[in-house]
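Visitor: quick one, fold the following:
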Amino acid sequence: MSTANQLSLDLDSNNESDSISERVKYSPIHVSESTFLAGLSVHIHRWFRLTPSFAPDLVREMLHELNAEIGDYILDPFSGAGTTAIESALEGFDSLGFEINPFLYFVNRTSLNWSLDTESLQLHLSRILNDFYDSREKASFETLEEFGYKIPPIHNPTRWWRPDILKDLLALKQCIYKIKNQNECDFFRLALAGVLVPDLTNVTLGRLQLHFINRDNDEIDVAEIFTKHTQQMIKDLCSVQKLPRLGSSKVFLQNSTNLSNVNLHKKVDCVITSPPYPNRYSYVWNTRPHLYMLDFISAAKEASSIDKETIGGTWGTATSELSKGVFPPLNKAVEEAVGSTISAIREQDNLMANYAVHYFNRLTAHLIELERISSPNLRIAYVVGNSWLKGVYIETDVILAEILDRLKLGYTINSVHRFRKRNSGKELFESIVYASKS
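Guide: Next up, the predicted model:
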């Protein structure tokens, strides 16, 4: 049966879904072992901080729970900053990642390139700094374009960066771009990305999106901050290159809700991932400084266009589309798993109801598409977060388990492990949904 036909199936309910709530267990894992905080002190993972990421420790926990063995092929279809791929490779597993955000795809690809010559990188760093100090005083903010510096096409760039910091960032970027070897150039681009937010940008990360802050009186040395981070990255690379056994990793710029163009040399055995949560957090919106400063997009509206294609996107163009009409559930599995929740939200706000339907429709489409590339004994672990929308509780972990059950794709729901209760609201659990095929 084709995937297209499966998408429109009127699926029958499975009575086993009634017992899913009985498989929900709360067993806390400390934030130092479950969130991005754990990665800040671990080589490679600390190259780029993505605050919503889970921890390397959690990847090892899930590998163990899935009974993964060397030789299994690991997939993260929502790869983010590459935590699953990096940790899998460090543990000796071959892995694969999909990421729709072009900047985060770059972070994945560059963070997984561990074959660079560290002595050559040290020489390049010295040349970059020498060129930077020679060139930074030649231009003023008013004469940037005369010296070939292109101001990022983000709306109101001087709100994002102080004029003096913006000038230094553009000068430093120009020095980095002189490196002819693309892999080495990308290493230093990633080093700059790693300190861009919050160190060098007028923003901080709030609950759901970046918030502007006043940094007029802060002492900010662009070259010093960049150099310190780059030296740490080179040191990490030296350490990793001494490890006896490493897995290989590949990453693709890919929308995980449509895998018709993906051809793999081997079927996927385990999925370890964390799709966006249904809380309106946008990975595209919150990586705008990186996308624009490092030239991954070239027009102001491109961020909205990318966000529209993601599972959780609700900003820009996506908002206007979600506000129109009533979005129906993709199939009966979605309708039965989330229908009453959506109805309650729709009584308060049609846009947010459409957003929730759209979210679970795309997550379901992804699960169906996964059939194209998975082995018969697939085991999966999905890290998800429960949310509140318009006063209605979205029990994402239970809903995901019910969708998996009702899709009749052969999954057994093994457990729903609630491992963290977030501080931002009542019952906002983060959970791991474990399921496997016979």
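Visitor: CA atoms for contacts and neighbours, from now on please.
Guide: Will do.
Visitor: three-state assignment of residue 315?
Guide: Recorded secondary structure, residue 315: coil (DSSP: H, G, I helix; E, B strand; the rest coil).
Visitor: return the residues in contact with it.
Guide: 282, 285, 304, 307-308 (Cα atoms under 8 Å, 6 or more residues apart in numbering).
Visitor: equivalent analysis for residue 174, please.
Guide: residue 149.
Visitor: could I get the contacts of residue 315 as JSON lines with pLDDT, neighbour count and secondary structure?
Guide: As requested, the contacts of residue 315 are exported to JSON lines (pLDDT from 0 to 100; neighbours: other Cα atoms under 10 Å; DSSP: H, G, I helix; E, B strand; the rest coil):
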{"residue": "282", "pLDDT": "88", "neighbour count": "20", "secondary structure": "coil"}
{"residue": "285", "pLDDT": "89", "neighbour count": "20", "secondary structure": "helix"}
{"residue": "304", "pLDDT": "88", "neighbour count": "19", "secondary structure": "helix"}
{"residue": "307", "pLDDT": "89", "neighbour count": "23", "secondary structure": "helix"}
{"residue": "308", "pLDDT": "89", "neighbour count": "20", "secondary structure": "helix"}
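Visitor: nearest to residue 258 among these?
Guide: residue 308 (14.5 Å; Cα to Cα).
Visitor: so how far is residue 112 from that closest one?
Guide: From residue 308 across to residue 112, the span is 28 Å (Cα to Cα, to the nearest Å).
Visitor: what's the answer for residue 436, then?
Guide: 28 Å.
Visitor: one more: residue 294?
Guide: For residue 294, the distance to residue 112 - Cα to Cα - is 19 Å.
Visitor: again with residue 157
Guide: From residue 157 over to residue 112 (counting by Cα to Cα), the distance is 31 Å.
Visitor: tally of neighbours for the closest residue to residue 240 other than its chain neighbours?
Guide: Closest residue to residue 240 apart from its sequence neighbours, by Cα to Cα, 6 or more residues apart in numbering: residue 114 at 7.4 Å. Look at residue 114: counted by other Cα atoms under 10 Å, it has 15 neighbours.
Visitor: now, which of the contacts of residue 315 sits nearest residue 118?
Guide: residue 285 (33.6 Å).
Visitor: what ranges do the strands span in the chain?
Guide: 24-26, 73-76, 94-99, 203-205, 210-212, 249-253, 268-273, 374-385, 387-389, 392-394, 411-421, 429-437 (DSSP state E).
Visitor: got the contact list for the fifth one?
Guide: Applying Cα under 8 Å, 6+ apart, the set of residues contacting strand 210-212 from outside is 159-160, 202-205, 286.
Visitor: mind doing that once more with 7 Å?
Guide: Strand 210-212 is contacted by residues 202-205, 286 when judged by Cα atoms under 7 Å, 6 or more residues apart in numbering.
Visitor: and the average pLDDT for it is what?
Guide: On average, the pLDDT along strand 210-212 is 90.
Visitor: same thing with the third one?
Guide: The predicted model gives strand 94-99 an average pLDDT of 98.
Visitor: okay, now the sheet partners of that strand, with direction.
Guide: Within its sheet, strand 94-99 is paired with strand 73-76 (parallel), strand 249-253 (parallel), according to DSSP bridges.
Visitor: of all the ones you listed, which one comes closest to residue 415?
Guide: strand 73-76 (19.5 Å).
Visitor: for that closest one, C-alpha coordinates in PDB please.
Guide: C-alpha atoms of strand 73-76 as PDB (Å, rounded to 0.1, in the frame of the first residue of the first chain):
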ATOM      1  CA  TYR A  73      21.600   2.400  12.100                       C
ATOM      2  CA  ILE A  74      20.300   5.300  14.200                       C
ATOM      3  CA  LEU A  75      18.100   8.100  12.800                       C
ATOM      4  CA  ASP A  76      17.200  11.600  14.200                       C
END
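Visitor: what about residue 411, how many neighbours?
Guide: Other residues close to residue 411 by other Cα under 10 Å number 20.
Visitor: going forward, the N-terminal residue is numbered 634.
Guide: Sure, I'll start numbering at 634, so the last one becomes residue 1044.
Visitor: how near is the residue located most distally from the centre of the chain to residue 738?
Guide: Distance from the C-alpha centroid of the chain peaks at residue 771, with 38.4 Å (Cα atoms, centre = their mean). Here the criterion is Cα to Cα. By it, residue 771 lies 35 Å from residue 738.
Visitor: so who does the closest residue to residue 726 other than its chain neighbours touch?
Guide: Distances taken as Cα to Cα, 6+ apart place residue 880 nearest to residue 726, at 4.5 Å, with adjacent residues excluded. Going by Cα under 7 Å, 6+ apart, residue 880 touches 721-723, 725-727.
Visitor: which of the residues you listed sit farthest apart?
Guide: Top of the distance list for the contacts of residue 880 (Cα to Cα): 723 and 727, 9.6 Å.
Visitor: ok, residue 931 - contacts?
Guide: 786, 925.
Visitor: one more time with 10 Å
Guide: 785-787, 924-925 (Cα atoms under 10 Å, 6 or more residues apart in numbering).
Visitor: need those in TSV (columns: pLDDT).
Guide: Output for the contacts of residue 931, formatted as TSV (pLDDT from 0 to 100):
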residue	pLDDT
785	95
786	92
787	93
924	97
925	96
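Visitor: ok, the residues you listed vs residue 1048, which is closest?
Guide: Looking across the contacts of residue 931 and measuring by Cα to Cα, the closest to residue 1048 is residue 924, at 37.7 Å.
Visitor: what count of nearby residues applies to that closest one?
Guide: 23.
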